[in-house]
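Peer 1: Sequence and predicted model, in that order:
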Amino acid sequence: MEQPDAGIAISFGAATLRDTADTGEAVLEEVYDQYARALYRYALSILGSSEDAEDAVQEVIVRMARERKRLRKVRNLRAYLFAAARNSAYTILRSRRRRDGLHEAIRTDFFTTPAAGPDDRPIESAMLLRALAELPIEQREVLVLKVFDQLTFKEIAETVGGPVSTITSRYRYGIARLRQALDEA
């Protein structure tokens, strides 16, 4: 005999929320409140468009609402959400077929959308934003996830679907290129 659906437990740090018929919406709201800003920033770093980044985050949240039972198997919600945002962003990239214009779009959005540091204060340095926009997308996404969203290299590897050694190399090369660009400026 099957047990009735007990719901989904989702961990937020030390706390755990239960997703039942009554609290499913509350769980989604909590997930959105906690992660939407970081997911948006990450999607923006890939897509270079505010509107597309918003669409990517919305797709992640809608997919979660539709497929809540799938969350039972998720061990690391944060890494799962970033991976879902990445997948959504790359789907948008493929559908709009504008890879050639991506670099300029990213540069424009970085200057018009204030990036937030770990303390949620806008980053003042236009030089840093300019240097970040000049990085290859693979290095830029790793730096955004590591520096702004404070994911571990393992979580980033899970998010982008690559080995940890590749992620650490992208991070190291990205940091070196940022330093070089800032030294030249």
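Peer 2: Everything's here; your move. Residues are numbered from 1 along each chain as shown.

Peer 1: only C-alpha atoms for contact and neighbour calcs from this point on.
Peer 2: Fine.

Peer 1: looking at this protein, which helix or strand does the model trust least?
Peer 2: strand 15-19 (a mean of 41; mean pLDDT, DSSP states H and E).

Peer 1: Give me the helices and strands touching the helix or strand just after it, please.
Peer 2: Next along the chain after strand 15-19, taking DSSP states H and E as the criterion, comes helix 24-47. When contacts are defined as 3 or more CA pairs under 8 Å, 6 or more residues apart in numbering; DSSP states H and E, helix 24-47 packs onto strand 15-19, helix 50-66, helix 77-96, helix 99-112, helix 137-143.

Peer 1: Now the element after the fourth one, going C-ward?
Peer 2: What that stands for is helix 99-112. Per DSSP H and E, the helix or strand that comes after helix 99-112 is helix 126-134.

Peer 1: So which bits of that following helix are buried?
Peer 2: Using 16 or more other CA atoms under 10 Å as the test for burial, helix 126-134 gives 128-134.

Peer 1: Let me know the closest of those residues to N76.
Peer 2: L132 (27.9 Å; CA to CA).

Peer 1: and the closest one, what is it in contact with?
Peer 2: Neighbour list for L132: 140, 178 [criterion: CA atoms under 8 Å, 6 or more residues apart in numbering].

Peer 1: Against Q34, how distant is it?
Peer 2: Using CA to CA, to the nearest Å, L132 is found at 25 Å from Q34.

Peer 1: Likewise for S169?
Peer 2: 29 Å.

Peer 1: Tell me where this structure is predicted with low confidence.
Peer 2: 1-24, 96-125, 185 (pLDDT under 70).

Peer 1: at 90 instead, please
Peer 2: 1-31, 47-51, 62-75, 77, 92-134, 143-151, 175-176, 178-185 (pLDDT under 90).

Peer 1: and V74, backbone torsions?
Peer 2: phi -80, psi 120 (degrees, to the nearest 10).

Peer 1: That one: how many residues sit nearby?
Peer 2: Neighbours of V74 under the rule other CA atoms under 10 Å: 15.

Peer 1: what's the helix or strand containing T168 in contact with?
Peer 2: Assigned by DSSP H and E, T168 belongs to helix 164-184. Helix 164-184 is contacted from outside by 127-128, 131-132, 135, 138-140, 142-143, 153-154, 156-157, using CA under 8 Å, 6+ apart.

Peer 1: now stretch 78-90
Peer 2: By CA under 8 Å, 6+ apart, the residues outside stretch 78-90 that reach it are 35, 39, 42-43, 46-47, 52-53, 56-57, 59-60, 74, 151, 155-156, 158-160.
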